[in-house]
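Trainee: model this:
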Amino acid sequence: MTYSLLAVALALSLLILAILTAIAFKLRGWFWNIHTDIASLHRALEASKEEVRARIAAATLEIINANSLNQLGQTFPVFLGGWSVDAFLGRWLIQHLVEERPKCILELGSGSSTVLIARSLQLLGEADTAHIVVDHEVKYLGITRDISQLNGVADNVEFLHCPLENYASVDKLWYGGLIERLGAHKIDLLIIDGPPGPLQPMSRYPALPLLMEHLAEHCTIVLDDAVREEEQEIARRWINENPGFELTVSFDGHGLAILKR
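Mentor: Numbering: from 1, shown residues only. From the prediction side, this is the model:
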């Protein structure tokens, strides 16, 4: 009888030990999962803090750039951001004009950049620079012309209305009649902010193949909105098809893809 009680007690002890061991393993797994979750949450919080810091730094720099652009002394406001060029492109353009002094500038897409460029050229005394601005929308070309007039720089800009038409060589809509109207101009600085991206796939791709013959031997091409994957693909295709160019990409603001030859 005594041995039977001892056996039962031993069995119960072993059962309790087994249960406690199982509970301990479950608790260990539970605590490990909590530790892992806390570590993941910590990493996510750190990443979020870094992203917030980066966004604050970028916004601060854009404000600084925008305030600096105001030193051009426009008499009528020129708006940046949104559908217009941002302060990062505005700053880049002014620095490029000061350093390179291009003699022929072509803008595909009119707007705030037109006034910034024209005013900068005026301050630099570059009266002989050809500054050509193209838009397929007569309304927006007119608005740009009006703002340029209000700022006293319209006389230094050639405004071209070029409705879109299909170019079979690239199978895209692009600025009709532009190539013929460029005449003997050799473009030192080409700024591409049109046609609109949603218009068609790879909407801005035609610019380089169609204007290649009008580019100066040493030239710079600026593709705006390079944070978009489609614009990045356009820049990659241009580089692959034209090995004489070098590409740099900035993801500040709307993003810039800059090709130089």
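Trainee: chain neighbours aside, what residue packs nearest to Phe88?
Mentor: Nearest residue to Phe88 in three dimensions, chain neighbours excluded: Gly253, at 3.8 Å (Cβ to Cβ, 6 or more residues apart in numbering). For the C-beta atoms, the positions are set from N, CA and C on the backbone; glycine is no exception.
Trainee: just the local confidence number for the one you found, please.
Mentor: On pLDDT, Gly253 comes in at 90.
Trainee: okay, and it sits in which element?
Mentor: Using DSSP states H and E, Gly253 is not contained in any helix or strand.
Trainee: please enumerate the strands of the stretch 101-250 of the chain.
Mentor: Applying DSSP state E, counting those that start in this stretch to the stretch 101-250 of the chain gives strands spanning 104-108, 130-135, 158-161, 164-167, 172-175, 187-192, 215-224, 246-250.
Trainee: okay, and for the stretch 1-150 of the chain, where does confidence drop off?
Mentor: 1-3, 5-12, 14, 31, 35, 37, 39-71 (pLDDT under 70).
Trainee: need the contact list for Gln74.
Mentor: Gln74 makes contact with Val115, Arg119, Asn151 under the criterion Cβ atoms under 8 Å, 6 or more residues apart in numbering.
Trainee: quick one: it and Ser203, what's the gap?
Mentor: Per Cβ to Cβ, to the nearest Å, Gln74 is found 30 Å from Ser203.
Trainee: ok, Ile179 next?
Mentor: 18 Å.
Trainee: what does Ser148 give?
Mentor: From Ser148 across to Ser203, the span is 25 Å (Cβ to Cβ).
Trainee: more neighbours, the two?
Mentor: Ser148 (23 against 20; other Cβ atoms under 10 Å).
Trainee: skip the chain neighbours and tell me the closest residue to the more buried one.
Mentor: Per Cβ to Cβ, 6+ apart, closest to Ser148 is Ala154, 3.9 Å.
Trainee: count the neighbours of that neighbour for me.
Mentor: Ala154 is flanked by 17 other residues according to other Cβ under 10 Å.
Trainee: repeat that for Val153.
Mentor: Val153 has 22 neighbours, counted by other Cβ under 10 Å.
Trainee: can you check Asp225 too?
Mentor: Count around Asp225 with other Cβ under 10 Å applied: 21.
Trainee: wait, what's in contact with it?
Mentor: Counting by Cβ under 8 Å, 6+ apart, Asp225 makes contact with Asp193, Gly197, Glu231, His254, Gly255.
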